[in-house]
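Participant: Following is a predicted model, sequence given first.
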Amino acid sequence: KTPPHVDSEGLLYLDGTRTCFQMFTQQAEVAAGSSQAKILVGVINRFCDLLKQRQKKWMQMIEVDVQKLLRFNHRDEDAPEPDSSEQCPGGLVEYIVAVANDQMKAADYSVAISSKYGKLVTKTYERAITQDIEEALDGFAEVAKFCSNELIKIIFADLASPFSEIFSKAWYSGSQAQQIADTLYEYLVEIKSQMNSVVFASLLEIVVEETILSFISALKYEHSFKNKNNKFLDCMKRDFEIFYKVFVQLLPESEDKTMIIDDKFKLMEYFMDFSCGEVDNITAIWSNCLSVYWDTPIKLLAAILNCRKGVDKSDTKKILQTATQLCNDPARLNQLNEAEVQPTFISRVNILI
């Protein structure tokens with residue numbers, strides 16, 4: 001009911017984190033004054049356990065409120081007004097931003113504590129303090145990422161309608177991409193001014209991924225591509241120029257455009273090649289795609305072929321068989337296993353109705 005605080009840089013924050021660490025520092029000072037290293041280490045260990053509990057509570061609370069907001073915003077117009085327990089006050093987005101910012105401050109406080117008190121004890125005790133603090137730091141990073149993911153849920157719930165029209169007849173002459181881009185910009189330009197730049201860069205990267213995934217997921221509606229006179233290809237280029245322009249505008253100056261934006265958009269080049277290229281070249285394109293996005297699901301290729309006119313069932317079957325063999329090639333899988341590669345964002349695509 002009251003807004004978060006604003007610091008000198010215009011970033012949102014809550015009082016709780018600062019108060020929490022002030023209390024801890026007082027206790028740590030008392031423990032350090034005892035000249036008993038075991039007591040100091042015990043105090044830090046206990047505090048880090050409490051921090052981890054606090055982190056879990058934040059995620060639980062945010063998840064509950066986001067679900068409440070989504071239910072409230074997308075309730076049936078004819079439904080009776082929800083009772084007070086189901087109503088969500090305004091400002092949830094700002095509060096989530098404040099919590100995300102607080103995780104960065106908490107991390108700074110924790111590192112300072114580790115550095116200060118670690119010097120007062122032997123190497124053995126110092127390692128124990130460092131380990132406890134590092135576990136707490138991992139938790140802060142997890143909460144910050146969770147905040148970003150919950151913001152994504154709120155933002156993209158507002159975009160379900162225009163995304164559902166991608167590839168439909170209305171899409172070719174429509175402005176769905178512009179509507180999506182305008183909504184993203186409206187949300188993100190405000191969040192950018194209120195959020196720690198490191199957290200915002202992470203959020204923007206997830207938004208880029210989610211935009212591409214939501215766009216591709218429209219394959220599930222099985223609209224036939226209108227490839228005559230390059231109509232489909234032109235509309236794809238139109239939309240991704242719109243998206244690209246917005247994301248570049250929002251990217252913090254200190255961040256790498258290649259990693260956050262360009263590397264993600266490379267996928268759409270493969271998507272257009274699969275959708276509009278010569279049928280005989282699809283297997284080669286698939287092989288190239290796997291070299292960049294190693295875990296591209298075969299269901300994505302199947303969905304594209306299903307929407308292409310002029311690709312009969314026999315051709316589709318042959319292409320998918322070869323593509324599956326390339327995916328399951330023992331040498332490739334062994335190489336990936338040895339390299340311990342991380343999943344790419346395309347593995348999260350959802351094209352099932």
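Facilitator: Structure's in. What do you need?
Participant: nearest residue to R18 other than its sequence neighbours?
Facilitator: K105 (7.3 Å; Cβ to Cβ, 6 or more residues apart in numbering). Backbone N, C-alpha and C define where each C-beta goes, glycine included.
Participant: Next, count neighbours for that neighbour.
Facilitator: If you count neighbours by other Cβ atoms under 10 Å, K105 ends up with 18.
Participant: Wait, it touches T19, no?
Facilitator: No. K105 is beyond contact range of T19, at 11.7 Å (criterion: Cβ atoms under 8 Å).
Participant: Find the residue at the geometric middle of this structure.
Facilitator: I206 (3.1 Å; Cα atoms, centre = their mean).
Participant: ok, now how distant is that residue from P330?
Facilitator: 34 Å (Cβ to Cβ, to the nearest Å).
Participant: Likewise for V93?
Facilitator: Taken as Cβ to Cβ, the span from V93 to P330 is 48 Å.
Participant: Comparing the two, which residue is more hemmed in?
Facilitator: Applying other Cβ under 10 Å to V93 and P330 shows that V93 carries more neighbours, namely 19 against 7.
Participant: State the distance from the more buried one to L11.
Facilitator: 14 Å.
Participant: And for T296?
Facilitator: Distance, T296 to L11, by Cβ to Cβ: 38 Å.
Participant: tell me the contacts of E126?
Facilitator: By Cβ atoms under 8 Å, 6 or more residues apart in numbering, the residues touching E126 are 118-119.
Participant: could you point out which element follows the helix or strand containing it?
Facilitator: E126 is part of helix 123-157 when elements are defined by DSSP states H and E. Next in sequence after helix 123-157, counting helices and strands by DSSP H and E, comes helix 160-164.
Participant: For that following helix, name the packing helices and strands.
Facilitator: Packing partners of helix 160-164 (3 or more Cβ pairs under 8 Å, 6 or more residues apart in numbering; DSSP states H and E): helix 176-194.
Participant: Buried residues, the helix it packs on. List them.
Facilitator: For helix 176-194, a neighbour-count test (16 or more other Cβ atoms under 10 Å) marks 176-177, 179-181, 184, 187-188, 191-192, 194 as buried.
Participant: nearest to Q60, of these?
Facilitator: Within the buried residues of helix 176-194, the smallest distance to Q60 is 22.5 Å, found for I191 (Cβ to Cβ).
Participant: dump the residue contacts of Q194.
Facilitator: Contacts of Q194 (Cβ under 8 Å, 6+ apart): 6, 10-12, 94, 97, 101.
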